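Visitor: turn this into a structure:
(chains A, B, C and D)
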2 protein chains.
Amino acid sequence: MSLRHALLGMLAYEPSSGYDLKKRFDGDLGEYAWHAPHTRIYPELAKLADEGLIEVAGEGARGRRTYAVTDAGRAELRRWLFTPQDEGPARNVQVLRLFLLSALEPDDARQLLRMHADDSDREAHKLSEIVAALDADATPGEPPQFGRVAAEFGLRMHRARRDWARWALDRMG
Amino acid sequence: MSLRHALLGMLAYEPSSGYDLKKRFDGDLGEYAWHAPHTRIYPELAKLADEGLIEVAGEGARGRRTYAVTDAGRAELRRWLFTPQDEGPARNVQVLRLFLLSALEPDDARQLLRMHADDSDREAHKLSEIVAALDADATPGEPPQFGRVAAEFGLRMHRARRDWARWALDRMG
DNA sequence: CATCGCATGTAATAGGTTACATGATTAT
DNA sequence: ATAATCATGTAACCTATTACATGCGATG
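Guide: Below you'll find the model as predicted:
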């Protein structure tokens, strides 16, 4: 279960309320990395607090509770991040689709590969624009900008997928 | 939910029993693409049969039921494969870990990136050996071997991740 | 006749989604 | 005033994991 670690990580970065975290899940983080609705966030925060991994750091208007990680929480986050990926069971729709290509007629398979290639190409362009915008805003000599680093990851993944699909098409003749 | 489509796809490839499918999930498919335990396979097969997407094509010893896709099932599979990925909510542990790098001290982040790089390098080597073995066995002029194509995908993904991690390390100084 | 693999199932629990609900504050 | 947004919650339902269970058939 990664939700708890996503929450720990975000709280380690800065103390936040459930509502703050929900907004982050609605943004980049939720789009590319991990998503959760508020109905899962709040109970999980309660559980984490119960286990002493986070604590209420302040209360605000409208019942707002700001949480912060405890030392135990920070240790758990580090432990998780440094545990070489057990990965759990595979859940990769993209790769699944590849495996299922073999259930299709060759013509259908080719058409699908072309779709994959186009799709990745579009995503790669989208990301390269994001990357360019981030680079334009960056002040030189700054400490590592992790959004930039994650975007680069996505960019490279999509390019690799595009190139792979083209390679496969080429190979099928 | 992709399990139903995984099952449809495998049955479209060849009629099988729940037990046969379970074994496929325990192999390559389950390791790289999608995993499911038998306790999810059987109920899902029952549901698919109920909806008329598959049907019992034969019964064997020990209560064995062999299922085959119906025309409706084949149509649903095609529809799904050709629907440009709605993808559903993000669930990507790897990318999540990247986002959470920002919650760590720079030294820790560097160390983790090095772990990522080494990890991917190891996986890439593993896959390149598999690919080499597949290529050695291949008879030239054969129709597309999809296992080979899927392996190539994995290989390229790992290489891209490795190169990305090295790029990130380089960028952090 | 014992053991292993085949073949399917139930039950308990946990994790995740969707719909519905509510009250407080800020902005217009 | 009124609407928008902040902020949290309940309940019903579905999906997934894990542990436990059972009986048949082939092999030695």
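
Visitor: for residue B:68, see how far away residue A:52 is.
Guide: In this view, residue A:52 and residue B:68 are 54 Å apart by C-beta to C-beta, to the nearest Å. (C-beta placed from N, C-alpha, C; glycine too.)

Visitor: and those two? Which one has more around it.
Guide: More crowded of residue A:52 and residue B:68, by other C-beta atoms under 10 Å in any protein chain shown: residue B:68, with 16 against 12.

Visitor: does that one count as helix, strand or coil?
Guide: Taken by DSSP: H, G, I helix; E, B strand; the rest coil, the conformation at residue B:68 corresponds to strand.

Visitor: wait, it sits on residue B:49?
Guide: No: in this structure, residue B:68 is not within contact of residue B:49 by C-beta atoms under 8 Å, at 10.4 Å.

Visitor: intersection of neighbour lists for those two?
Guide: Each of residue B:55 lies in contact with both residue B:68 and residue B:49 under the rule C-beta atoms under 8 Å, 6 or more residues apart in numbering or on different chains.

Visitor: in the top helix by length along chain A, what's buried?
Guide: Criterion DSSP state H: the longest helix present in chain A is helix A:106-137. By 16 or more other C-beta atoms under 10 Å in any protein chain shown, the buried positions in helix A:106-137 come out as A:109-110, A:112-113, A:115-117, A:119-121, A:123-124, A:127-128, A:130-131.

Visitor: packing partners of the lowest-mean-pLDDT helix or strand in chain A?
Guide: When each helix and strand of chain A is scored by mean pLDDT, DSSP states H and E, helix A:28 comes last, with a mean of 83. Using 3 or more C-beta pairs under 8 Å, 6 or more residues apart in numbering or on different chains; DSSP states H and E as the contact test, no helix or strand touches helix A:28.

Visitor: let me know whether stretch A:8-25 sits next to DNA strand C.
Guide: No: residues of stretch A:8-25 contacting DNA strand C under C-beta under 7 Å from any atom of the strand: none, with a closest distance of 9.4 Å.

Visitor: for that stretch, list the C-alpha coordinates in PDB.
Guide: This file holds the C-alpha atoms of stretch A:8-25, laid out as PDB (Å, rounded to 0.1, in the frame of the first residue of the first chain):
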ATOM      1  CA  LEU A   8       4.100  10.600   4.600                       C
ATOM      2  CA  GLY A   9       6.200  12.000   1.800                       C
ATOM      3  CA  MET A  10       4.100  15.000   1.200                       C
ATOM      4  CA  LEU A  11       3.900  15.800   4.900                       C
ATOM      5  CA  ALA A  12       7.700  15.300   5.200                       C
ATOM      6  CA  TYR A  13       8.000  17.900   2.500                       C
ATOM      7  CA  GLU A  14       5.700  20.300   4.300                       C
ATOM      8  CA  PRO A  15       3.000  20.100   6.900                       C
ATOM      9  CA  SER A  16      -0.500  20.100   5.300                       C
ATOM     10  CA  SER A  17      -4.100  19.500   5.900                       C
ATOM     11  CA  GLY A  18      -6.100  16.700   4.300                       C
ATOM     12  CA  TYR A  19      -7.600  19.300   2.000                       C
ATOM     13  CA  ASP A  20      -4.100  20.500   0.900                       C
ATOM     14  CA  LEU A  21      -3.100  16.900   0.200                       C
ATOM     15  CA  LYS A  22      -6.300  16.400  -1.800                       C
ATOM     16  CA  LYS A  23      -5.400  19.300  -4.000                       C
ATOM     17  CA  ARG A  24      -1.900  17.900  -4.600                       C
ATOM     18  CA  PHE A  25      -3.500  14.600  -5.700                       C
END
